[in-house]
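Peer 1: for reference, the sequence and a predicted model appear below.
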Amino acid sequence: MQIDQYELRQEADRTLRISPDTWEITEQEEAVKKNIRKGLRLITKGETVCPNCGQKYQELLERPFYARYVPIAIVGKCEAHGVFFRSPGPADLDRIHEADRQRAALDSDPVEHFVVKKGPKSSDLLSKNIKSYLDVFSSRQLLYLHHSIQLLSGYQGVARLNLALLVSTSLEFNSMLCGYKGWFKRRPGAIRHVFALHAYAFQYTVAENNPVNREKSSGNLQLLFRDRIERGRKWAVAPVERKIARKGDTQVVKIPGELDGGIEAHDQTSLMAAQRQAYWLIHGDSRDLPIDDHTVDFVVTDPPYYDNVQYSDLAAFFRVWLARLLPTEVNWAYDEAQSAVATKATGDDSSFMSVISGIFRECGRVLKRHTGRLVFTFHHWDPNAWAELTIGLKSAGFKLMNYYVVSSEHPVSVHINNLNAITHDAILALALDGNSPTERWPSLTRINTTQSERFCQQCSAALGWLLESPHSSAEIRAIWKNLIQGRIPGFGPNSPSNSISLTMSDSARRAVLGAANAAGDGGLSLNVTLSN
C-alpha cells in the first residue's frame, strides 16, 4: 500500500498522522503498534523496493483503476468539535460495497461509448491499463453521475444548460485522479483537481470528494455554483478589471457602461440588424465560417501553443459525459486529428501547420481589408513553433502591425513552478497585406533565451521581420533555428507519477442531488491503492 506521506493534516497545535503498521490515525509521532495488519503495511511514495525480498513494487494493473484503492480514513466535520479524521468502520465499508453492487446494474450507455482512444495525453491512461473513462470514477462517483443525468432530463432551457455544465465542471474535482492536499497548512483539506498540470497525473494520495456536501467545500456543487455561475453572472452585469497604478500596485475598478451579455442571433443578417447588443455562437470548423467576406472588424483569439497542451485529447474526459448530460444541444463528435495542435515538436510540416494555416486564411477572408485586425497571444521556446506560426500567417497574407509583451502565469503557478517555463505572452496585432506596420521590423541574428520577457519581445520582432521578408518556408525554418540557438524545450506539465495513491472517498449522507444514499457521516474519506 503506497501513500504520499504519513502526515494527514497539519494544524497550529497538532499534526495528524496515520500509522504505517496499524493504520491508526493519531496525533502521536508513532502510533501504538497493536493489531498490526500483516502484509498490508503502508509505505510512502519514496519507497520503491521491498526491504525483505528486494523486488520493485508494481501497480496491480489487472484490476480496474478505481478498484486499486482501499479506504484508510474518513474526514468529516462535527458541529461541536470541528474537523475530524477516523478510520473507516464496517458501516463505511458496507456503503462502498453497496455502491459497487449498484455500479454493475447502472443502465448507462454502451461501454464502447466510454472507450479511451489513443492520443498524446490519453495514452497516459492506456499505459496504466485504463481503457474506459468509467474506470477513473469510483462506484459512488458513477452513481452521482448516473442520478445527475436522470434528474437533468426533467429540466429545460438555461436551467438545464447551467446545471449540466456545473456537473461537468465538478468531474474535475470528483474522480479517482484527484489529489489530496490536506496536509498543507495553507490549504488543509483542499483537492488537487484532475488537470492541475494540464495532463493526466496519477496521484499517490487521491481525494474522493463529496460533491453534494451541504457546505461550500473544495470542488463541491455549492462552491462551484458560487464561483462559476453566481460570480460569473454578477460580473456579466457589472464587469470589473484591474487598474495598474504608477508604483505597480493594482486596484479593481468598474468598467463604465460595459455589459457582458445581449440577445442571441442565429445568423449574420440578424446579428447585424440587431438594435442592441447581440451575439452569435457558431459551433463548427474555424476553417469554414458562415460569415461574408471582409465584414469582420476584429478576430481576437487564443490559439493552441503548438505542442504544449492537447486540449482536444484531454477534453474527452468531459465530452463522454457532456454527451449524456446535454445529448441534443451539441454535436459532441469531432475529428481530433483536425485540431490545430502538434503532437510533438518537429522540423517538418505538422498537423498544426496545416490546420492553423487554414484558420488564418479564413480569418483573412472575413476580416475587413484595411481596418480589420487579427489579435492573439503566443509564446514557445521551440523555433519550430515560431516557424510554423510564421509560415501559416505568411500564407494567409498577414503582417505584424504591433506587439505587446505581458506577464502571463505567475512563477509559482502549479503549471510552471520549478520548470524552465516562459512567464510572458506576446500579444500580436496583425493586419492583411497592404497595411503599413507601426514600424519597420529589423532583421535579427540572435534571440536572448535567458530572460522570458526579452525572449518574447525579440521573437515578436523577428515574426514581424520574417512576415515582410521574401524568404521561403524552408528558409524561415532555418532562420528561426539559427535565431533560437541551442534552446532545448524544457517546459510543460510535470510528467505523471507512476505510482499508487491514497484517496478520499465520498462519505455523503445523501446521494447525488438527493437521489441516492451513497456514503457516511462526513465530507471526505482517505484510501490507499493496492500494490504488490
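Peer 2: Cool, got the structure.
Peer 1: buried stuff in stretch 161-168?
Peer 2: Buried residues in stretch 161-168, counted by 16 or more other CB atoms under 10 Å: 162-168. No exception for glycine: its C-beta is placed from N, CA and C like everyone else's.
Peer 1: over to stretch 92-106?
Peer 2: Applying a neighbour-count criterion of 16+ other CB under 10 Å, one finds 92, 95-96, 98-99, 102-103 buried in stretch 92-106.
Peer 1: which one of the buried residues of stretch 161-168 is nearest Tyr311?
Peer 2: Nearest to Tyr311 among the buried residues of stretch 161-168: Ser168, at 14.9 Å, using CB to CB.
Peer 1: quick revisit: output the buried residues of stretch 92-106 as JSON lines; include the columns secondary structure.
Peer 2: Formatted as JSON lines, the buried residues of stretch 92-106 follow (DSSP: H, G, I helix; E, B strand; the rest coil):
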{"residue": "Asp92", "secondary structure": "helix"}
{"residue": "Arg95", "secondary structure": "helix"}
{"residue": "Ile96", "secondary structure": "helix"}
{"residue": "Glu98", "secondary structure": "helix"}
{"residue": "Ala99", "secondary structure": "helix"}
{"residue": "Gln102", "secondary structure": "helix"}
{"residue": "Arg103", "secondary structure": "helix"}
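Peer 1: nearest residue to Thr295 other than its sequence neighbours?
Peer 2: Once flanking residues are discounted, Thr295 sits nearest to Val366: 6.4 Å by CB to CB, 6 or more residues apart in numbering.
Peer 1: could you pull up the mean pLDDT of stretch 115-131?
Peer 2: In this model, stretch 115-131 carries a mean pLDDT of 91.
Peer 1: on that earlier part again, where's the residue nearest to Thr295 relative to Ser132, distance?
Peer 2: Separation of Val366 from Ser132 (CB to CB, to the nearest Å): 41 Å.
Peer 1: domains for this structure, by residue range?
Peer 2: The chain breaks down by automatic domain parsing into domains covering 2-213+501-529, 262-304+346-483.
Peer 1: can you give me the end-to-end span of the last one?
Peer 2: Okay, so that is domain 262-304+346-483. End-to-end distance of domain 262-304+346-483 (CA to CA, to the nearest Å): 47 Å.
Peer 1: I'd assumed Ala207 was in contact with Tyr180.
Peer 2: Yes. Taking CB atoms under 8 Å as the definition, Tyr180 is a contact partner of Ala207 at 4.1 Å.
Peer 1: more neighbours, the two?
Peer 2: Between Tyr180 and Ala207, counting by other CB atoms under 10 Å, Ala207 is the more crowded of the two (34 against 29).
Peer 1: roughly how far apart are the more buried one and Ala73?
Peer 2: Distance of Ala207 to Ala73, given as CB to CB: 11 Å.
Peer 1: quick one, helices of this structure?
Peer 2: Here the chain has its helices, by DSSP state H, at 90-103, 123-127, 139-152, 157-170, 221-224, 231-237, 268-273, 311-314, 316-325, 351-366, 383-395, 452-468, 473-483.
Peer 1: the third one: how far from the chain's middle?
Peer 2: It refers to helix 139-152. 22 Å (CA atoms, centre = their mean, to the nearest Å).
Peer 1: just the CA atoms of that helix, as CSV, please.
Peer 2: The C-alpha coordinates for helix 139-152 follow below in CSV (Å, rounded to 0.1, in the frame of the first residue of the first chain):
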residue,chain,number,x,y,z
SER,A,139,-18.8,3.5,-7.8
ARG,A,140,-20.2,6.3,-5.7
GLN,A,141,-19.0,8.9,-8.2
LEU,A,142,-20.7,6.9,-11.0
LEU,A,143,-23.9,6.9,-9.0
TYR,A,144,-23.6,10.6,-8.6
LEU,A,145,-23.3,11.0,-12.4
HIS,A,146,-26.0,8.5,-13.2
HIS,A,147,-28.6,10.2,-11.0
SER,A,148,-27.5,13.7,-12.2
ILE,A,149,-28.1,12.6,-15.8
GLN,A,150,-31.6,11.2,-14.9
LEU,A,151,-32.6,14.3,-12.9
LEU,A,152,-31.4,16.8,-15.5
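Peer 1: list the buried ones in it?
Peer 2: Within helix 139-152, the residues that count as buried by 16+ other CB under 10 Å are 139-149, 152.
Peer 1: JSON lines for those, including pLDDT?
Peer 2: Formatted as JSON lines, the buried residues of helix 139-152 follow (pLDDT from 0 to 100):
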{"residue": "Ser139", "pLDDT": "94"}
{"residue": "Arg140", "pLDDT": "94"}
{"residue": "Gln141", "pLDDT": "94"}
{"residue": "Leu142", "pLDDT": "94"}
{"residue": "Leu143", "pLDDT": "94"}
{"residue": "Tyr144", "pLDDT": "94"}
{"residue": "Leu145", "pLDDT": "93"}
{"residue": "His146", "pLDDT": "93"}
{"residue": "His147", "pLDDT": "93"}
{"residue": "Ser148", "pLDDT": "94"}
{"residue": "Ile149", "pLDDT": "93"}
{"residue": "Leu152", "pLDDT": "93"}
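Peer 1: mind putting the residues you listed in TSV, distance to Ala426 included?
Peer 2: Listed next are the buried residues of helix 139-152 as TSV, based on distance: CB to CB, whole Å:
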residue	distance to Ala426
Ser139	47
Arg140	46
Gln141	41
Leu142	44
Leu143	47
Tyr144	42
Leu145	41
His146	46
His147	47
Ser148	42
Ile149	43
Leu152	42
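Peer 1: nearest spatial neighbour of Tyr403, chain-adjacent residues omitted?
Peer 2: Distance criterion CB to CB, 6+ apart; nearest residue to Tyr403, sequence neighbours excluded, is Ser460 at 3.7 Å.
Peer 1: any stretches of the stretch 351-500 of the chain with poor pLDDT?
Peer 2: By pLDDT under 70, the low-scoring segments of the stretch 351-500 of the chain are 409-420, 438, 486-500.
Peer 1: run a quick neighbour tally on Asp285.
Peer 2: 14.
Peer 1: how about Lys399, nearest residue that isn't a chain neighbour?
Peer 2: Using CB to CB, 6+ apart, the closest residue to Lys399 is Leu467 (5.2 Å).
Peer 1: that neighbour touches Ser395, doesn't it?
Peer 2: No. With contacts counted by CB under 8 Å, Leu467 stays clear of Ser395, the gap being 10.6 Å.
Peer 1: who has more neighbours, these two?
Peer 2: Leu467 (22 against 16).
Peer 1: check contacts around that one.
Peer 2: Contact partners of Leu467, counting by CB atoms under 8 Å, 6 or more residues apart in numbering, are 390, 393-394, 398-400, 430, 441.
Peer 1: run through the bridge partners of the nearest residue to Ala245 once chain neighbours are set aside.
Peer 2: Among residues not flanking Ala245 along the chain, Gln251 sits closest, at 7.0 Å (CB to CB, 6+ apart). Beta-bridge partners of Gln251, counted by DSSP bridges, are Lys243.
Peer 1: got the contact list for Gln251?
Peer 2: Contacts of Gln251 by CB under 8 Å, 6+ apart are 242-243, 245.
Peer 1: now, which of those residues sits nearest Trp386?
Peer 2: Nearest to Trp386 among the contacts of Gln251: Arg242, at 29.7 Å, using CB to CB.
Peer 1: thinking the closest one is in contact with Gly248, fair?
Peer 2: No. Applying CB under 8 Å, one finds Arg242 not in contact with Gly248, separated by 11.5 Å.
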